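> Got a predicted model here, sequence first, then my questions.
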Amino acid sequence: MSVFSDIQRPVVVRARTEIADGIVALDLVPANGRPLPPWTPGSHIDLLLGDGLERQYSLCGDPADRGTYRVAVLREPDGRGGSVAAHGFAVGDALRLRGPRNHYTFSPDGPTVFVAGGIGITPILSMLAAAGTAGADWTLHYAGRSRSTMAFVDDLAADPRVHVYAADEGRRLDVSALAVGPAGQVVCCGPRRLLEATEAAVDAVPGWSVHAERFEAREFGPPVWSEPFDVELALSGTTLTVPPGRSVLEVVEDSGAVVVSSCRVGTCGSCETPVLEGAVEHRDSVIGPGGSGTTMMICVSRAAGPGLVLEL
């Protein structure tokens, strides 16, 4: 289970920078002047954007800087409203955040191939710095529609280890050629199709592993257990019934129990809950299929049988 603080912290927008077409970087500083919590490459925070909106954004600044958190936000006019709200902030505006949290930890051991698609470059930036500090052998393959829409591309492209694939220039990333050599790891973040293609290509190469972070929820078929199931809340002794079509999180919240949650689609990890008994069907994008049954994301994952006991 990841270490994460659910304390809300007040911050102020110190700088707002248009870094690419449709992408704004926000530099956030603590309103009370206290150091912000430490973070590691791959971490993200929850931004509380007002009117009940909460969204997760990867930290893309310097982990050594305890005075500033930097996030980069792609404006999605047809999204659920979070990115539009984030783009509306100006220098001096106040907001609140939770975190940081890291389900995307990076270890610079052995050759590493980074793959970024679009705004998926944000969690990878700090990993590149960590790989460089560790003296690791790394390359980056960065794909996007055009250079004008790719955040940080000019600075990154100055490094010969970085390969840029701008679609409007006729360059396409061939993920089947990423895993070359006896062993290594591929670390990727971006749109679902890119991640799925990368995972399929790398999984077929012995000695290589792939680690992906998803901004979009995984797609699943019908649950393996289609009947109602019971959930016992171990701390209160309450037993609840979760019917088909409702999530564990919804039923637990209806009972009055307080659970930290944010995305509610299985991508952020904030509702991760210890499982004391029972089999879990992981339907999230953090633990994912094949994960252990010791914790679960109760916003989307379900029982794989008639009951669960949760540490709630």
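Structure's in. What do you need? Just so you know, these numbers come straight off a predicted model, no measurement behind them.
> CA atoms for contacts and neighbours, from now on please.
OK.
> all strands for the stretch 51-200 of the chain, in order.
Taking DSSP state E, counting those that start in this stretch as the criterion, the stretch 51-200 of the chain carries its strands at 53-58, 69-74, 94-101, 112-117, 138-144, 162-166, 184-190.
> In this model V115 seems to touch C188, though I could be wrong.
Yes: C188 lies in contact with V115 (CA atoms under 8 Å); the separation is 4.4 Å.
> closest to P35 out of the strands of the stretch 51-200 of the chain?
Among these, strand 69-74 comes nearest to P35, with 10.5 Å by CA to CA.
> So what touches the closest one?
22-29, 36, 57-61, 83, 86-87, 119, 122 (CA atoms under 8 Å, 6 or more residues apart in numbering).
> hmm, try it at 7 Å
22-29, 57-61, 83, 119, 122 (CA atoms under 7 Å, 6 or more residues apart in numbering).
> Could you pull up the mean pLDDT of it?
Strand 69-74 carries an average pLDDT of 97.
> Now do the lengthiest strand in the chain against strand 69-74, angle only.
Assignment by DSSP state E gives strand 9-20 as the longest strand of the chain. Inter-element angle recorded for strand 9-20 and strand 69-74: 50 degrees (by axes from the mean of the first three to the mean of the last three CA atoms, to 10 degrees).
> okay, the angle between the following helix or strand past strand 9-20 and strand 69-74?
Once the chain leaves strand 9-20, the next helix or strand it forms, by DSSP states H and E, is strand 23-30. Interaxial angle of strand 23-30 relative to strand 69-74 (the same axes, to 10 degrees): 160 degrees.
> The helix or strand that strand 23-30 is followed by: how far from the chain's middle?
Remark: after strand 23-30, the chain's next helix or strand is strand 44-50, criterion DSSP H and E. In terms of CA atoms, centre = their mean, to the nearest Å, the centre of strand 44-50 is found 13 Å from the chain centre.
> I19 is in contact with A151, correct?
Yes: under the criterion of CA atoms under 7 Å, A151 makes contact with I19 at 5.9 Å.
> Which one of the two is surrounded by more residues?
A151 (26 against 17; other CA atoms under 10 Å).
> Disregarding residues adjacent in the polypeptide, which is nearest to that one?
A20 (5.3 Å; CA to CA, 6 or more residues apart in numbering).
> Give me the neighbour count for the spatially closest residue to F215 that is not a sequence neighbour.
Among residues not flanking F215 along the chain, T267 sits closest, at 6.5 Å (CA to CA, 6+ apart). Neighbour count of T267, defined by other CA under 10 Å: 24.
> what does V258 give?
V258, neighbours per other CA under 10 Å, totals 11.
> Next: R80.
11.
> got it, and V11?
V11 has 23 neighbouring residues, counting by other CA under 10 Å.
> Against L173, how distant is it?
Remark: distance between V11 and L173 (CA to CA, to the nearest Å) = 39 Å.
> which one of the strands of the stretch 51-200 of the chain lies closest to G245?
Nearest to G245, of all those, is strand 53-58, at 23.4 Å by CA to CA.
> Partner strands of that closest one, with direction?
Partners of strand 53-58 in the sheet, by DSSP bridges, are strand 44-50 (antiparallel).
> in the partner strand, what's buried?
By neighbour count on 16 or more other CA atoms under 10 Å, the buried set for strand 44-50 is 44-49.
> residue farthest from the centroid of the chain?
G237 (32.9 Å; CA atoms, centre = their mean).
> Roughly how far does that one sit from E311?
G237 is 10 Å from E311, by CA to CA.
> What of V259?
V259 is 11 Å from E311, by CA to CA.
> One more: A200?
For A200, the distance to E311 - CA to CA - is 35 Å.
> Helices of this structure, residue ranges please.
82-87, 122-134, 153-157, 192-203, 248-254 (DSSP state H).
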